[in-house]
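**Student:** give me a 3D structure for the following:
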Amino acid sequence: MAVKENQTSYIRPILTQLIVLVLICLGVAFWQRDFLAEVYLRNQLTQVGWFINSGIFVLFLAGMVKLVRLFVSYSQEEQAINRFLANLDLAVEPESGLTGESIIVHRYRTLRDLHQRRSPINHNALAATLLAHQSSRNTFPKFIHNILILTGVFGTIVSLAIALFGASNMIVTASEAGSLGMVIHGMSAALSTTMTAILAYLFFGYFYLRLMDVQTHVISRVEEATTTILLPRFQTQPETVIEDFADIIRAAAALVKRLDASQAQYADVADELKDLLSSYRDEMQRNSAALEKMIELLREGFRLHQPPQ
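**Tutor:** Next up is the predicted model:
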């Protein structure tokens, strides 16, 4: 399966959308700066609205920073997968040019270690572990996604409480101007906090869902590469084990046959050596008898006396 390293990125367009929307929001905020200053800054009898809106903005900003970091991280993971598959196509070391922190390299090393230890490979367990690990990275963005709209509700409740406090003062006291201003301020703060929370929730919620898509995309590519490329390399099938065991048995049987043949040859050599020794002994006996006869003839010829026994 040929995979090019310069494959179209899935994450880069999302980052482009984020940058464009941020610029658009900044442009609208600059265009409507007088209206926003009137709503959020001017004629504030208390600091409640400013405090709650600041809290919403801080939460939103912290969540967006985390989202951007995750987008960049998954973009690097996507590039690592493309590089890894390209290395396989080029028949070079798969980890060449990659760090051990990337998901695909970690998966490759895990499969390689299991294969070297002759351990069974459970792909479902590996996939579940990867999904759980990556899901744990979404804890803070998920918290921000759930809490943003609640902060707007909280601001609305507090601001309405301020408005009701001003209304009660209008009923109890004769000073209606200050109490009416408190009522209007409370309602204004309630509307501003609600508007801030809704806008922040919509913006953050869209890119939070896009983060889920990116995470699913990266994990699916890792699992696809594992299923189609890595498992055929490293997974030990039962049929393969049986075939290897049968080969070992056949090799052992052939070795036993060779040992039997060698032992038979050693027995033949021993028999031949025994026959040779027997022939040598007979020949020595014949030579000894001939030598004694020769000595006897020499003694008789030279009239030598036989030595005493």
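**Student:** the spatially closest residue to S9 that is not a sequence neighbour: what's it in contact with?
**Tutor:** Nearest non-adjacent residue to S9, counting by CB to CB, 6 or more residues apart in numbering: E78, 6.2 Å away. C-beta here means a position set from N, CA and C on the backbone, and glycine is covered the same way. Contacts for E78 (CB atoms under 8 Å, 6 or more residues apart in numbering) come out as 9-11, 217-218, 221.
**Student:** next up, phi/psi of E78, please.
**Tutor:** phi -60, psi -40 (degrees, to the nearest 10).
**Student:** state the distance from it to H217.
**Tutor:** 8 Å (CB to CB, to the nearest Å).
**Student:** again with K274
**Tutor:** To H217, K274 is 83 Å away according to CB to CB.
**Student:** can you check D282 too?
**Tutor:** Taking CB to CB, one finds D282 at 95 Å from H217.
**Student:** okay, these two: which has more neighbours?
**Tutor:** More neighbours surround H217 than the other of D282 and H217, with 15 against 10 (other CB atoms under 10 Å).
**Student:** surely the more buried one is in contact with Y10?
**Tutor:** Yes: counting by CB atoms under 8 Å, Y10 is a contact partner of H217 at 5.2 Å.
**Student:** per-residue confidence averaged over the strand or helix carrying N124?
**Tutor:** Assigned by DSSP states H and E, N124 belongs to helix 123-135. For helix 123-135, the mean per-residue pLDDT is 88.
**Student:** need the residues that contact it.
**Tutor:** Outside helix 123-135, the residues touching it (CB under 8 Å, 6+ apart) are 103, 107, 110, 215, 218-219, 222-223, 226-227, 231.
**Student:** are any of the residues you listed buried, and if so which?
**Tutor:** 103, 107, 110, 215, 218-219, 222-223, 226 (16 or more other CB atoms under 10 Å).
**Student:** strands - which of those residues land there?
**Tutor:** Per DSSP state E, strands hold no members of the buried ones among the contacts of helix 123-135.
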